[in-house]
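Trainee: Pasted the sequence and its predicted model underneath.
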Amino acid sequence: MGIQPILSIFLYVAATLLLAANLFNKLDKIKGKEIIIFFLGLSALIIHAYILHESIFLHIGFDLGFFNAVSIIGWLVALIVLLISIYQPIKQLLLILYPIAAIALLSEQFFSSQRLFDQYLSMGLRIHIILSICAYSLLMIGTFQALLLAIQDKFLKTKQVSKIIDILPPLQIMEQLLINIIVIGFFLLSLSLATGIVFIYDIFEQHLTHKTVLSILAWIIYAILLWGRWSFGWRGKRIINWVLGGFLTLLLAYVGSKFALEFIFHRI
C-alpha cells in the first residue's frame, strides 16, 4: 500500500475523531475548529479521489470491479454529505461515513476484483453508470439519515436523556431533510432506470436480470413511500421502515448482484 492511501485513511480518522470531539463540546477553546475539521475531511476525499482515478482509469479501459465500485460509493457518499453539511444540519452522519470511506479505500488496496469496461464505452452507458452510482449514494445517505431519525425518535418517546439528542436537530427538521434526500435520490434512480432501458442492449446476455428486477422493485418501494408521505402524511416509523426496505432491495440489486457475478459465478 502506497503513501497516498495511508495519508487519506489517516486524515479520515483524524477528521472523525475531531468531529466527534467537537460535537460533544470538547473543542470549545480551539479557534477555527470547524474549518480545520472540514479541510481534514476534504483533504482525505481529494487524495481518495486521486487514488480512485489511478485505480479505475487504466490504459486498457475502465476497471469497475467490486472493491473499486464500493470505494467510489464510500467516497461519493462522504463527499455529498460534507458539501450538504455546509448549509444543512447533517454533519453528524460523517461520524459514520468517514470510517466507511476509509474501510472501502483500505479494501480496495488489499483485495483485487477486476471488471473491465472498454475505453470506448458509449456516452449513454457512461451516463447510466454515473446516474446509478449517484442514485445509490444519495439513497444510502437517506438510509443513514433514517437510522439517525429512528434513534432520535426512540430516545424522545422513551424520554431517555442522551447526548445524542443534544447534537441532533429537531425531529421535524430531520424528517424533512430525509424526505428531501429521498426525493432527489428517487429522481436519479428514475433517470438511471430510464437510461438503462435505452442504452443496455441485452440484460440477459449481460447478466443484469436480477439487478434490473430488484432496482425496479426498489423504485416501486420508494414511489409508495413518497406517495404515502404526500397523500396521507406518513411520518415517523412508517417512513423509516419504507426507507430501509427500499435501500435493502437496492443493496441487493447493486452490491449483491455485483458480488455474486464477480465472486460466485466469476463472470466479468
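Mentor: Looks like it came in fine. Residues are numbered from 1 along each chain as shown.
Trainee: In stretch 17-28, which residues are buried?
Mentor: Leu18, Leu19, Ala20, Asn22, Leu23, Leu27 (16 or more other CB atoms under 10 Å). Placement of C-beta: from N, CA and C, glycine included.
Trainee: Name the nearest of those residues relative to Leu82.
Mentor: Leu19 (10.4 Å; CB to CB).
Trainee: In space, what's closest to that closest one - neighbours in sequence excluded?
Mentor: Counting by CB to CB, 6 or more residues apart in numbering, Leu19 lies nearest to Ile37, which is 5.3 Å off, once chain neighbours are set aside.
Trainee: buried stuff in the helix or strand encompassing that neighbour?
Mentor: Using DSSP states H and E, Ile37 falls within helix 33-56. By 16+ other CB under 10 Å, the buried positions in helix 33-56 come out as 33, 36-38, 40-45, 47-48, 51-52, 55-56.
Trainee: any idea of the mean pLDDT in the following helix or strand past that helix?
Mentor: Next helix or strand after helix 33-56 toward the C-terminus (DSSP H and E): strand 57-58. For strand 57-58, mean pLDDT is 77.
Trainee: partners of strand 57-58 in the sheet?
Mentor: Applying DSSP bridges to the sheet, strand 57-58 is found paired with strand 61-63 (antiparallel).
Trainee: Residue ranges in the stretch 51-200 of the chain under the pLDDT threshold?
Mentor: 60-61, 112-121, 159-166, 199-200 (pLDDT under 70).
Trainee: 50 - rerun?
Mentor: Along the stretch 51-200 of the chain, no part satisfies pLDDT under 50.
Trainee: In the stretch 101-250 of the chain, what residue spans correspond to helices?
Mentor: 123-158, 163-167, 171-199, 209-232, 236-251 (DSSP state H, counting those that start in this stretch).
Trainee: Present those as CSV; the columns should include distance to Leu97 and mean neighbour count.
Mentor: Shown next, in CSV, are the helices of the stretch 101-250 of the chain (distance: least, CB to CB, whole Å; neighbours: other CB atoms under 10 Å):
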stretch, distance to Leu97, mean neighbour count
helix 123-158, 7, 19
helix 163-167, 16, 13
helix 171-199, 13, 18
helix 209-232, 21, 16
helix 236-251, 15, 19
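Trainee: TSV for the ones you listed, including distance to Ile73?
Mentor: Conversion of the helices of the stretch 101-250 of the chain to TSV gives the following (distance: least, CB to CB, whole Å):
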stretch	distance to Ile73
helix 123-158	6
helix 163-167	26
helix 171-199	13
helix 209-232	15
helix 236-251	11
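Trainee: starting at the chain centroid, how far to the helix holding Ile37?
Mentor: Between the centre of helix 33-56 and the centre of its chain there are 16 Å (CA atoms, centre = their mean, to the nearest Å).
Trainee: Over to stretch 138-149?
Mentor: 9 Å.
Trainee: Contacts for that stretch, please.
Mentor: Applying CB atoms under 8 Å, 6 or more residues apart in numbering, the external contacts of stretch 138-149 come out as 73, 77, 80-81, 90, 92-93, 96-97, 168, 171, 174-175, 177-178, 181-182, 184-186, 188-189, 222, 239-240, 243-244, 246-247, 250.
Trainee: Quick one: classify the residue located most distally from the centre of the chain as helix, strand or coil.
Mentor: Distance from the centre of the chain peaks at Lys29, with 33.3 Å (CA atoms, centre = their mean). The three-state assignment at Lys29 reads coil, by DSSP: H, G, I helix; E, B strand; the rest coil.
Trainee: quick one, what contacts the residue nearest the centre of the chain?
Mentor: Centrality entry for the chain: nearest residue to the mean C-alpha point is Ser137, 3.2 Å, by CA atoms, centre = their mean. Counting by CB under 8 Å, 6+ apart, Ser137 touches Ile73, Leu76, Val77, Ile80.
Trainee: element containing the second one, please.
Mentor: The one in question is Leu76. Using DSSP H and E, Leu76 sits within helix 66-84.
Trainee: mind listing what the residue nearest to Ala104 when sequence neighbours are not counted touches?
Mentor: Nearest residue to Ala104, sequence neighbours excluded (CB to CB, 6+ apart): Gly74, at 3.3 Å. The contact partners of Gly74, taken as CB under 8 Å, 6+ apart, are Leu97, Ile100, Ala101, Ile103, Ala104, Leu105.
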